[in-house]
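> Turn this into a model:
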Amino acid sequence: MLNDQIPRDRFLPLPHHGGCSSATRRTGVEIEFGGLSVDQTAQIILDLWGGDVHERQEREITLMGGVLGKVKVELDISLAKKWAEDMAAQALGDLVPVEIVTAPLSQSQLPACEALLDALHQQGGMGTQAKLGYGFGVHLNTEVPDAGTPAFMAIVRAFAVLEDWLRQSDPLDPARRLLPFVNPWPLALVDVLASRTDWQLEDFARSYARLAPARGFGLDLLPALQDACPDALSDLPPDQLKGGRPTFHYRLPETRLGDAQWSLAYEWNRWVLVEHVACDAKLMAALSEAWQTHRKKILSRRADFAQTVESLLADAGSVARMQDAG
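Now for the predicted structure:
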């Protein structure tokens, strides 16, 4: 399968869009895992990256001054009341992940996160595959091209028609699929993205808010849309709007510490492939037409469309061209 050809040992660069360089686009990284405490994790980061403890709270430590700047380590549980968080933490135990949140990083700094993942595993950190019920993820918060430009919508449309392939070519752990954090985009949203190329951003934001009014998708666009056009999201429940920032919030990757076939570079490169497809107008037209044809079938399964995507990507040489560009 084409997915097997995606490099796991190096981080490929983001492609340029519309003549605008992507070289300065930064990415924040969020890493969830089990097996270590907040204090243990903070010490591993200090040993690897240097710095000092800037702030310490009951379930959260902020580090500053290391080679990658500000890093937050926290128990990933956020409820309305502290007593509720205490009860949940006690009841769920190690099912509640520790999460590392980095500042926005340059593309040249991403290999340092790969080294951190190795260090976490060596010190007892565990990923999704380690225990039944674990459902830990890696989130990539990559800066968007200006949200008002055609490049932004091209990347959104590319993800829409590639998501089924991304999921089928490397299936998620069953426990993570059951959790309400990485749902696939609704069919109706993919339908409107595949059938239209003339989106204005506020028009799209209103459609997105109507068709996908939640954060728990493999690609969460609410932060980027809230940053660019908050008024278009005014009808959304307040608990789904956590603050705008000009980034794609790519939540689909899962943490697989200790898996020799997995790496952060691999997950990053799968996103880079999405952006490369967005740059290929001919391929995007073929994928969009294939989706519309697929949806007209009496029995149309998303798994079947993933096979169609595999064929179209292979015919276009997309993975090979992505590697050549790197």
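
> residues contacting residue 225?
147, 201, 205, 208-209, 232-233, 244 (CB atoms under 8 Å, 6 or more residues apart in numbering). The way it works is simple: take the backbone N, C-alpha and C, and place the C-beta from them, glycine included.

> same thing with residue 74?
Residues in contact with residue 74 (CB under 8 Å, 6+ apart) are 38, 59-61, 98-99, 101.

> before we move on, what about residue 14?
Contact analysis of residue 14 by CB under 8 Å, 6+ apart lists 22-23, 25, 107, 142, 272, 275.

> and if you look at residue 170?
The neighbours of residue 170, taking CB under 8 Å, 6+ apart as the test, are 3, 270.

> how near is residue 286 to residue 316?
The gap separating residue 286 from residue 316 is 8 Å, by CB to CB, to the nearest Å.

> hmm, I was thinking of residue 268
Counting by CB to CB, the gap from residue 268 to residue 316 is 21 Å.

> Those two - which one has more neighbours?
The neighbour comparison of residue 268 against residue 316 (other CB atoms under 10 Å) goes to residue 268, with 27 against 17.

> so that one is in which element?
Take DSSP states H and E as the rule and residue 268 turns out to sit in helix 264-278.

> next helix or strand past that helix?
For helix 264-278, the following helix or strand on the C-terminal side (DSSP H and E) is helix 281-295.

> quick check: angle from that following helix to helix 264-278?
Put simply, helix 281-295 runs at 90 degrees to helix 264-278, going by axes from the mean of the first three to the mean of the last three CA atoms, to 10 degrees.

> can you pull the buried residues of whichever helix or strand comes after helix 281-295?
Downstream of helix 281-295, the first helix or strand assigned by DSSP H and E is helix 302-316. Using 16 or more other CB atoms under 10 Å as the burial criterion, the residues of helix 302-316 that qualify are 305-306, 308-310, 312-313, 316.

> roughly how far is helix 302-316 from the heart of the chain?
For helix 302-316, the separation from the chain centroid amounts to 21 Å (computed by CA atoms, centre = their mean, to the nearest Å).

> Could you shift the numbering so residue one becomes 114, and keep it that way?
Yes, from this point I'll number from 114; that puts the last item at helix 415-429.

> Does anything pack onto it? Which helices or strands?
If you count contacts as 3 or more CB pairs under 8 Å, 6 or more residues apart in numbering; DSSP states H and E, helix 415-429 packs onto helix 263-282, helix 394-408.

> Kindly compare burial across those and name the winner.
Burial of the helices and strands packed on helix 415-429 is given as mean neighbour count (mean count of other CB atoms under 10 Å); helix 263-282 ranks first at a mean of 22.

> now the angle between helix 415-429 and that one, please.
In terms of direction (the same axes, to 10 degrees), helix 263-282 departs from helix 415-429 by 120 degrees.

> elements contacting helix 263-282?
For helix 263-282, the packing partners by 3+ CB pairs under 8 Å, 6+ apart come out as helix 300-308, helix 314-324, helix 377-391, helix 394-408, helix 415-429.

> do that again at 10 Å, thanks
Applying 3 or more CB pairs under 10 Å, 6 or more residues apart in numbering; DSSP states H and E, we find helix 263-282 packed against helix 300-308, helix 314-324, strand 332-333, helix 335-341, strand 360-363, helix 377-391, helix 394-408, helix 415-429.

> C-alpha coordinates for the next helix or strand along the chain from it, CSV please?
Going down the chain from helix 263-282, the next helix or strand is helix 287-291, by DSSP H and E. The C-alpha trace of helix 287-291 is given here as CSV (Å, rounded to 0.1, in the frame of the first residue of the first chain):
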residue,chain,number,x,y,z
PRO,A,287,-10.5,0.1,18.6
ALA,A,288,-10.5,1.9,22.0
ARG,A,289,-9.6,5.2,20.4
ARG,A,290,-12.2,4.8,17.7
LEU,A,291,-14.9,4.5,20.4
